[in-house]
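Peer 1: Make a model of this:
(one chain, ligands or ions: 1)
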Amino acid sequence: MTDPTTIDLSKDAAARAAVALVENGMKLGLGTGSTAKVFVDRLAERVHAEGMDLRLASTSKATADQARSLGLVVEELDELGWLDLTIDGADEVDPDLSLIKGGGAAHLREKIVATASDRMVVIADQGKVVDRLGKFKLPVEVIPFGWESTRTHIQRALAELNMADRPVIRRERDGQPIRTDENNYILDLALEEIHDAPALASALSAIAGVVEHGLFLNICNLAIIGRPDGSVVELRREDLE
Ligand SMILES: O=C(CO)[C@H](O)[C@H](O)COP(=O)(O)O
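Peer 2: This is a model prediction of the structure:
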């Protein structure tokens, strides 16, 4: 576990390294979360300092608002078509560059944007690197209509994979279910260890009412892991192949 006092330095190191990957003229996807927020801050500094010409799409309303507040122009993904690069955070990164995302309830748009990009780069602190996915609760975005039936289907699917859990609906402080940018609910799955992520991903995707789960498999090309001393470690997909 990373010491919380050093996390911001780690995030800043990862964000700065990611900003260095951005080239003038790129179409760029902006992620969501506290690490992505640092990246957008650093990106805006570089864009203004160098007069860079970028076209940007966002994975959430929150990031779009932040970027616009910093003087960046954010367009709809469909106006840009295909992106060169998306830079985003993650909740867990394993040695195969498989990810859990959705801690910020944005994984649906995050997955759409990342998979509409030539490359996805993850930025994170060391605390996100795990040997096996699953300690972080796996978020699953579901349609509000019939969500309790959807939860029952998820529970049955987990049982068939020898995983036991009763998914918990994510709530706001006032007790209301949180709503995603697409107005859906989030169910969080406390699985502890995911032994067969592709099987779990397929099982979840096959359930009516599930919009998207937070497993990102074979999507991330590079993970930049920031360290408190300002250095970074890079985990690359090419090194795995
Ligand atoms: O998936 C996400 C949002 O849905 C975030 O990228 C993930 O939760 C990491 O966030 P942070 O950088 O704040 O730890």
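Peer 1: Can you list phi and psi of Ser117 for me?
Peer 2: phi -130, psi 150 (degrees, to the nearest 10).
Peer 1: right, and it touches Ile87 too?
Peer 2: No: taking contacts as C-beta atoms under 8 Å, Ser117 lies outside contact range of Ile87: 9.4 Å. Using the backbone N, CA and C atoms, a C-beta is placed for each residue, glycine as well.
Peer 1: Spell out which residues of this structure are next to the ligand.
Peer 2: Contacts of the chain with the ligand, taken as C-beta under 6 Å from any ligand atom, map to 31-36, 88-91, 101-107, 110.
Peer 1: Sort out for me which of those residues are in helices.
Peer 2: 34-36, 107, 110 (DSSP state H).
Peer 1: what about burial for the residues of the chain next to the ligand, which qualify?
Peer 2: Neighbour-count burial (16 or more other C-beta atoms under 10 Å) applied to the residues of the chain next to the ligand gives 31-33, 35-36, 88-91, 101-107, 110.
Peer 1: so what's the residue nearest the centre of the chain up against?
Peer 2: Nearest to the geometric centre of the chain sits Lys101, at 4.1 Å (C-alpha atoms, centre = their mean). Residues near Lys101 by C-beta atoms under 8 Å, 6 or more residues apart in numbering: 88-91, 107, 110-111, 139, 214, 216.
Peer 1: Widest-spaced pair of these?
Peer 2: Asp88 and Pro139 (14.3 Å; C-beta to C-beta).
Peer 1: Could you tell me the per-residue confidence at the nearest residue to Gly33 once chain neighbours are set aside?
Peer 2: Among residues not flanking Gly33 along the chain, Gly89 sits closest, at 4.0 Å (C-beta to C-beta, 6 or more residues apart in numbering). Gly89 is assigned 98 on the pLDDT scale.
Peer 1: got the domain boundaries for the chain?
Peer 2: According to automatic domain parsing, the chain comprises the domains 4-129+217-230, 138-209.
Peer 1: and those, which is most packed in?
Peer 2: Of all those, domain 4-129+217-230 has the most neighbours on average by mean count of other C-beta atoms under 10 Å, namely a mean of 20.
Peer 1: Just the helices from the chain, written as ranges.
Peer 2: Taking DSSP H as the criterion, the chain contains helices spanning 4-19, 34-50, 61-69, 77-80, 107-114, 147-160, 197-205.
Peer 1: Reformat those as CSV; add mean pLDDT.
Peer 2: Conversion of the helices of the chain to CSV gives the following (pLDDT from 0 to 100):
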stretch, mean pLDDT
helix 4-19, 86
helix 34-50, 98
helix 61-69, 98
helix 77-80, 97
helix 107-114, 98
helix 147-160, 97
helix 197-205, 98
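Peer 1: OK, contacts around Leu204?
Peer 2: 140, 154, 157, 210, 213, 215.
Peer 1: Kindly report the same for Arg179.
Peer 2: Arg179 makes contact with Tyr185 under the criterion C-beta under 8 Å, 6+ apart.
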